[in-house]
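**Q** return a 3D structure for these sequence lines:
(chains A, B, C and D)
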Number of protein chains: 2
Amino acid sequence: MKDIARDLGVSVVTVSKVLRNHADISTETRERVLKRMKELNYRPNLAARALVTGRSFIIGLVVPDLLHPFFAEVAKGLSRSLRKKGYGLIISSSEEDPELEQQEIDQMLARRVDAMLVASAQWTVESFRHIEEQKMPYVLIDRKFAGLAANFVGVDDEAVGTLATEHLIKTGCRVIAHIGGQDVSTAVERRQGYRHALARHSLVVGPEYVIGREHGDEASDVSGYEVMRKLLRLDPRPDGVFCYNDPTAMGAMKAILEAGLRIPQDVAVVGAGNVRYAEFLRVPLTTVDQQCEAIGDRAARLALALVEAKGPTRPKTILLEPRLVVRDSTR
Amino acid sequence: MKDIARDLGVSVVTVSKVLRNHADISTETRERVLKRMKELNYRPNLAARALVTGRSFIIGLVVPDLLHPFFAEVAKGLSRSLRKKGYGLIISSSEEDPELEQQEIDQMLARRVDAMLVASAQWTVESFRHIEEQKMPYVLIDRKFAGLAANFVGVDDEAVGTLATEHLIKTGCRVIAHIGGQDVSTAVERRQGYRHALARHSLVVGPEYVIGREHGDEASDVSGYEVMRKLLRLDPRPDGVFCYNDPTAMGAMKAILEAGLRIPQDVAVVGAGNVRYAEFLRVPLTTVDQQCEAIGDRAARLALALVEAKGPTRPKTILLEPRLVVRDSTR
DNA sequence: ATGCGGTCCGTTATCGTTATCGGAAGGTAA
DNA sequence: TTACCTTCCGATAACGATAACGGACCGCAT
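**A** Residues are numbered from 1 along each chain as shown, chains lettered A, B, ... in the order given. You can find the predicted model right below:
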């Protein structure tokens, strides 16, 4: 910038103004500066800008698992929306480890991102107090917390459970099992939706038909497989299963097929997430779509709105409606 | 920092030194400063630090598609390795669009990341000249460029092709087709490996059995499906297919099954990438593993080595050996 | 008393950019 | 002529940290 200013006989301030399209620069000067910028291949130092403006134009995203297609898709949607507005996205994965997540959040705080998006693997809300202390705007994604008044973007998880379960009922299943997840809001609410649907149709299944995952740190596909093997030993054998996410359903289907049973004739399966490739599975999987990209997009817009807003705003909750996608695993 | 210094009656420099574990601070002062830091919940402003040190402690990663499990896995490996060393990772996706990729790279340059990792969707090497001009260290991942002497980490793609094709030959296939990808190094070299394997075993197949993808901007699974339908109309019908990546193979398998044929009895299929979930597919997929996480890890280490090195270093190429993973689609 | 070497801490300048205000030059109206 | 308004530009001081060097103070040997 100094070089440009010197070369053209103007001040750095002038150059800076051209850079930011300030009004009080004559067209002629502006042209000259722009020309020289091109020539020198000049790019402003965003670190310096961040320092003086207090804005980094970076949004932070923390997810539990980048490999999970759901989060990958959210990240993609986010990235696209943010890029359009000139923001960058810095992503980090907590590997479903609350402690690691805490560290990552602190890192982001230190980097002075403009806002944070978190799909949390946390048990407590302590991390979020940290964030609030720094007055950093943040949005929860996918997983929310009871007792934490925060911005949230996600799907209506209870509706997910209801939709899936009613579909199984409609296709004739009577003994419907559920494979749940760890103790996070998505898993809990989907289970509630499942229970409500059963109740509404006066179906009763024993508690042994509802199993959460064994160990929280395992891949969902593995635990889905193991849990399903257990379910198949029950009497009467379940004729339908609602799995709280697609990887779990994939594991479950593997167990069912290995037991020599047919899907959906013997056991129908519904997942949730509508992961890409769900249609290429051994049996194409009926699932509940949770509009990953829409989540990313809405989250991006909400986050930017928070950044632009001066004062503190009332926490906003955006709930998206899930959609059922019927494939061979139930028909 | 100023506050801490004032409260304790020391200078900011002293505080700064404590922060960075400088040796010339007495234990007593150090303790006092650390204590006050905790109390105030102080976190250094990394933007300011970046400005004065010229190091951002951020590594940039540009991938063609975050949703592709391969890149997601690489990102995960990278993220983990970098975090250990105190570096952050900023990720962006080019959506397989060279122009967008160019923009993303420029963004990263402006942000003054310490090094860049690029899995490029580029046709030309122009972007990389940009990077070199800024003297920014960079590492190519997965896809390399003839005529560009750059650091590279990836799998030995010709070996991938050979491994897959020889496996098909060994299982008895004689008319082996190949579904390739766009014009990137991975696709080209895998095709060469395929050709060499055929030649070594004196097998001859016409050029109509080797098809690249139709449109570069489509999802691989879709194009795999379409290309396979075309291949199935050939006479003699291929009894084996080597697909240059797993999503393509998934599409191909869909086409084969839809045609009423059996895998592997009528047509055997081999993919490449060993995408997670490959074993849950309609027919569990035989594939060539390319060690995604190892790639991430090696790339991270190489990048950091470049950052630490003062002067320019000789470009280094790290080639990992692929491994064959046999599943039902060929046995 | 002098010189020398540690230990511990502070002074000053600097990184590259932007915010804020002031002011010169020229035009216009009374 | 004077007053006032535009238009365009620049001087200066920040932002929050670090680098490089200098210096006070103490102990010890000469």
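
**Q** tell me which parts of chain A are close to DNA strand D?
**A** A:9-11, A:13-14, A:24-29, A:48, A:51-52, A:54 (Cβ under 7 Å from any atom of the strand). Heads up, the C-betas are built off the backbone N, CA and C, glycines and all.

**Q** ok, and the most crowded of those residues?
**A** Among those, residue A:14 has the most neighbours (other Cβ atoms under 10 Å in any protein chain shown), with 21 neighbours.

**Q** measure it to residue A:30 for me?
**A** Using Cβ to Cβ, to the nearest Å, residue A:14 is found at 9 Å from residue A:30.

**Q** just the helices in the stretch 151-300 of chain A please.
**A** A:157-170, A:185-200, A:220-232, A:246-258, A:292-308 (DSSP state H, counting those that start in this stretch).

**Q** hmm, residue A:45 is touching residue B:56, no?
**A** No: using Cβ atoms under 8 Å, residue A:45 makes no contact with residue B:56, being 10.2 Å away.

**Q** and the closest residue to DNA strand C within the stretch 51-200 of chain A, what element?
**A** In the stretch 51-200 of chain A, the residue that lies nearest DNA strand C is residue A:52 (3.8 Å; Cβ to the nearest atom of the strand). Per DSSP states H and E: residue A:52 is located in helix A:46-53.

**Q** so residue A:92 belongs to a helix, correct?
**A** No: applying DSSP: H, G, I helix; E, B strand; the rest coil, one finds residue A:92 to be strand, outside a helix.

**Q** which residues pair with it across the strands?
**A** On the basis of DSSP bridges, residue A:92 is bridged to residue A:62.

**Q** tell me, how many residues neighbour it?
**A** 26.

**Q** same check on residue A:17?
**A** Residue A:17 has 18 neighbours, counted by other Cβ under 10 Å.

**Q** how about residue A:195?
**A** Using other Cβ under 10 Å, residue A:195 has 17 neighbouring residues.

**Q** so what's it closest to, chain neighbours aside?
**A** Once flanking residues are discounted, residue A:195 sits nearest to residue A:161: 7.8 Å by Cβ to Cβ, 6 or more residues apart in numbering or on different chains.

**Q** likewise residue A:243?
**A** Distances taken as Cβ to Cβ, 6+ apart place residue A:249 nearest to residue A:243, at 3.8 Å, with adjacent residues excluded.

**Q** try residue A:109
**A** That would be residue A:134: by Cβ to Cβ, 6+ apart, it lies 5.4 Å from residue A:109.

**Q** check residue A:138 too.
**A** Computed as Cβ to Cβ, 6+ apart, the closest residue to residue A:138 that is not its neighbour in sequence is residue A:116, at 4.2 Å.

**Q** ok, now residue A:232?
**A** Nearest non-adjacent residue to residue A:232, counting by Cβ to Cβ, 6+ apart: residue A:259, 5.4 Å away.

**Q** measure that neighbour to residue A:230 for me?
**A** Using Cβ to Cβ, residue A:259 is found at 12 Å from residue A:230.

**Q** got a list of what residue A:54 touches?
**A** Residue A:54 makes contacts with residue A:112, as judged by Cβ atoms under 8 Å, 6 or more residues apart in numbering or on different chains.

**Q** let's go with 10 Å and repeat that
**A** Counting by Cβ atoms under 10 Å, 6 or more residues apart in numbering or on different chains, residue A:54 touches A:112, A:114, B:45, B:47.

**Q** got it, and residue A:36?
**A** A:3-5, A:7-8, A:10, A:15, A:18, A:42.

**Q** circling back: what touches both of residue A:14 and residue A:30?
**A** Overlap of the contact sets of residue A:14 and residue A:30 (by Cβ under 10 Å, 6+ apart) consists of residue A:22.

**Q** mean confidence score for stretch A:95-111?
**A** In this model, stretch A:95-111 has a mean pLDDT of 88.
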